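Peer 1: dropping the sequence and predicted coords here.
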Amino acid sequence: MSYIPSPTALVFTKTSQPIILSLEPDRPNFYVHPDVYLTTDDELKGTGTVSKADVQKGTLLFIDKPYSIIPTAAPGSTTPYSHPLCSRLQCSQEVDLSSASTKSCHCITEVVWCNAECQALGKAEHDFECSWLKTHSKSIRQEIIEPDFFSLWLIVRTLAQRDMELSSPPTSTTGPNGTFPCDWNVIRGLRSNEDELQPLKVQGWRSLAERYLVGEHSMLRHSLNVDEMLTLMCQVEINHYDLWTQLIGVYPLPAEPVERAESCFAYTMYLRTPFLNHSCDPSLMHQPDGNGRMVFHATRFIPAGEEFSIAYFDLAEPKYADVKERRAYLEDEFCFTCVCPRCLHESGEN
Ligand SMILES: C[S@@+](CC[C@H](N)C(=O)[O-])C[C@H]1O[C@@H](n2cnc3c(N)ncnc32)[C@H](O)[C@@H]1O
């Protein structure tokens with residue numbers, strides 16, 4: 001069945017109200033605009049996405065459902081999306097912890113479901129991780145900082161999907177316009193930037209992989225050895241998305257400052273949108289919906305042949321007006337030197 005996107009009103013509001021992300025049960029899990037294709041033409045940036053035809057401002061280009069997602073919101077905080085997300089991947093909506101229908105598991109407090117139906121439907125996914133969480137989460141959380149625990153848990157949930165895929169292989173691994181594969185092999189083919197990562201960081205990850213992710217004591221069902229696990233850890237580090245409630249990628253920035261969330265509420269791996277490269281003058285803006293799907297629209301007119309690009313971080317922070325700050329951030333967090341047209345222009349390199 002083909003999906004015809006309805007015209008979307010794009011609103012840039014300054015609001016002091018919490019942003020409630022829209023729940024859209026009828027929205028498809030994957031959508032790629034028919035004019036989008038993958039290209040490997042750029043030597044520095046690798047694979048990217050380009051349009052065959054002119055794209056008007058506001059056009060819906062991609063919708064991507066998470067392959068894996070974990071909630072990262074601090075329990076008890078009062079910001080929007082401060083409750084955990086439903087542990088059934090297909091649902092992934094914020095769970096109202098005060099509701100009588102909420103279900104939880106004893107492994108860790110973040111594992112909850114909206115109701116008994118979601119718990120039953122998400123059982124196989126959770127069974128993969130439950131013993132791991134019960135056995136290791138406490139010691140991991142004592143040993144390393146919280147964001148690193150969430151990164152490890154995202155890897156475990158990614159392996160859970162791989163495990164489900166192996167036991168029941170998908171009938172088709174290509175997407176709506178044939179060019180976007182959508183299975184575990186996509187993750188294996190992602191860039192890991194292993195050579196660019198700080199050696200100390202990689203050494204620390206190797207030790208975590210040995211102690212918590214590989215071997216029988218890890219309690220995880222998979223066939224990866226330590227080197228393969230380390231590569232996966234780098235791939236997840238480089239390619240995962242932090243989910244924020246706000247729209248990311250609006251540029252030029254609106255004159256009025258826009259309310260920003262203080263922290264992200266989930267870490268996610270997608271299968272198609274990791275192929276969107278970064279630009280500090282992005283052509284797309286993105287925002288998750290209330291079920292964890294990431295939705296991308298054209299932020300301006302995009303002529304045929306131009307690469308689609310997104311902002312990997314929130315350009316609205318004033319310090320990122322400075323090209324040195326932006327490049328330093330991308331080098332630290334994503335291990336690459338930005339060669340987008342704006343950085344090349346502002347650093348006098350073109
Ligand atoms: C999320 S991946 C994007 C897909 C990637 N091009 C690939 O072939 O797998 C991010 C990686 O793409 C490259 N990249 C993306 N945007 C870039 C940019 N503006 N400048 C230089 N490299 C970029 C970097 O290697 C970065 O680590």
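Peer 2: Cool, got the structure.

Peer 1: can we go C-alpha only for contacts and neighbour counts from here?
Peer 2: OK.

Peer 1: what strand or helix carries the residue lying closest to Thr231 once chain neighbours are set aside?
Peer 2: Closest residue to Thr231 apart from its sequence neighbours, by Cα to Cα, 6 or more residues apart in numbering: Ser192 at 6.4 Å. Here Ser192, judged by DSSP states H and E, is contained in no helix and no strand.

Peer 1: what sits against Ser192?
Peer 2: With contacts defined as Cα atoms under 8 Å, 6 or more residues apart in numbering, Ser192 is in contact with 231-232, 234-238.

Peer 1: show me which of those are buried.
Peer 2: When the contacts of Ser192 are checked for burial by 16 or more other Cα atoms under 10 Å, the buried set is 231-232, 234-238.

Peer 1: any chance of those in TSV, with secondary structure, pLDDT and distance to the ligand too?
Peer 2: As requested, the buried ones among the contacts of Ser192 are exported to TSV (DSSP: H, G, I helix; E, B strand; the rest coil; pLDDT from 0 to 100; distance: Cα to the nearest ligand atom, whole Å):
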residue	secondary structure	pLDDT	distance to the ligand
Thr231	helix	95	13
Leu232	helix	96	13
Cys234	helix	93	10
Gln235	helix	94	9
Val236	helix	94	10
Glu237	helix	91	10
Ile238	helix	90	6
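
Peer 1: can you list the residue ranges for helices in the stretch 251-350 of the chain?
Peer 2: 323-334, 341-346 (DSSP state H, counting those that start in this stretch).

Peer 1: for the ligand, which of those is the nearest?
Peer 2: Closest approach to the ligand among these is made by helix 323-334 (5.6 Å; Cα to the nearest ligand atom).

Peer 1: which elements pack onto the closest one?
Peer 2: helix 226-239, helix 341-346 (3 or more Cα pairs under 8 Å, 6 or more residues apart in numbering; DSSP states H and E).

Peer 1: where does the stretch 251-350 of the chain dip in pLDDT?
Peer 2: The stretch 251-350 of the chain contains residues with pLDDT under 70 at 258.

Peer 1: near the ligand, which residues of it are found?
Peer 2: Within the stretch 251-350 of the chain, the positions adjacent to the ligand are 274-279, 334, 336-340 by Cα under 6 Å from any ligand atom.

Peer 1: among those residues, the buried ones, what's the ChimeraX command?
Peer 2: Those of those that count as buried under 16+ other Cα under 10 Å are selected in ChimeraX with:
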select :274,275,276,277,278,279,334,336,337,338,339,340
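
Peer 1: so which of the residues of the stretch 251-350 of the chain next to the ligand are in strands?
Peer 2: 277-278 (DSSP state E).

Peer 1: turn the residues of the stretch 251-350 of the chain next to the ligand into JSON lines, columns for distance to Phe62.
Peer 2: What follows is those, written out as JSON lines (distance: Cα to Cα, whole Å):
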{"residue": "Pro274", "distance to Phe62": "12"}
{"residue": "Phe275", "distance to Phe62": "12"}
{"residue": "Leu276", "distance to Phe62": "10"}
{"residue": "Asn277", "distance to Phe62": "14"}
{"residue": "His278", "distance to Phe62": "16"}
{"residue": "Ser279", "distance to Phe62": "17"}
{"residue": "Phe334", "distance to Phe62": "22"}
{"residue": "Phe336", "distance to Phe62": "24"}
{"residue": "Thr337", "distance to Phe62": "26"}
{"residue": "Cys338", "distance to Phe62": "23"}
{"residue": "Val339", "distance to Phe62": "24"}
{"residue": "Cys340", "distance to Phe62": "21"}
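
Peer 1: quick one, phi psi at the most centrally placed residue in the chain?
Peer 2: Centroid-nearest residue in the chain: Tyr241, 2.6 Å away (criterion: Cα atoms, centre = their mean). Tyr241 has phi and psi values of phi -110, psi 140 when expressed as degrees, to the nearest 10.

Peer 1: per-residue pLDDT, it?
Peer 2: pLDDT, Tyr241: 95.

Peer 1: was I right about it contacting Thr273?
Peer 2: No: if you go by Cα atoms under 8 Å, Tyr241 and Thr273 don't touch, sitting 9.5 Å apart.

Peer 1: returning to that earlier point: with respect to Ser51, which of the buried ones among the contacts of Ser192 is nearest?
Peer 2: Proximity of these to Ser51 (Cα to Cα) peaks at Ile238, which lies at 24.4 Å.

Peer 1: just give the closest residue to that closest one, not the sequence neighbours.
Peer 2: Of all residues not flanking Ile238 in the chain, Phe334 sits nearest, at 5.6 Å (Cα to Cα, 6+ apart).

Peer 1: cool, Asn239 as well?
Peer 2: Nearest residue to Asn239, sequence neighbours excluded (Cα to Cα, 6+ apart): Pro274, at 5.8 Å.

Peer 1: looks like that neighbour contacts Val236 (just checking).
Peer 2: No: taking Cα under 8 Å as the definition, Pro274 is not a contact partner of Val236, at 10.2 Å.

Peer 1: what helix or strand is Ile70 on?
Peer 2: strand 68-71.

Peer 1: nearest to Cys182 among the helices and strands packed on helix 323-334 would be which one?
Peer 2: Among those, helix 226-239 sits nearest to Cys182 (Cα to Cα), with 15.0 Å.

Peer 1: contacts only, for the residue nearest to Glu210 when sequence neighbours are not counted.
Peer 2: Using Cα to Cα, 6+ apart and skipping residues adjacent in sequence, the residue nearest Glu210 is Val226, 6.4 Å away. With contacts defined as Cα under 8 Å, 6+ apart, Val226 is in contact with 206, 209-210, 214.
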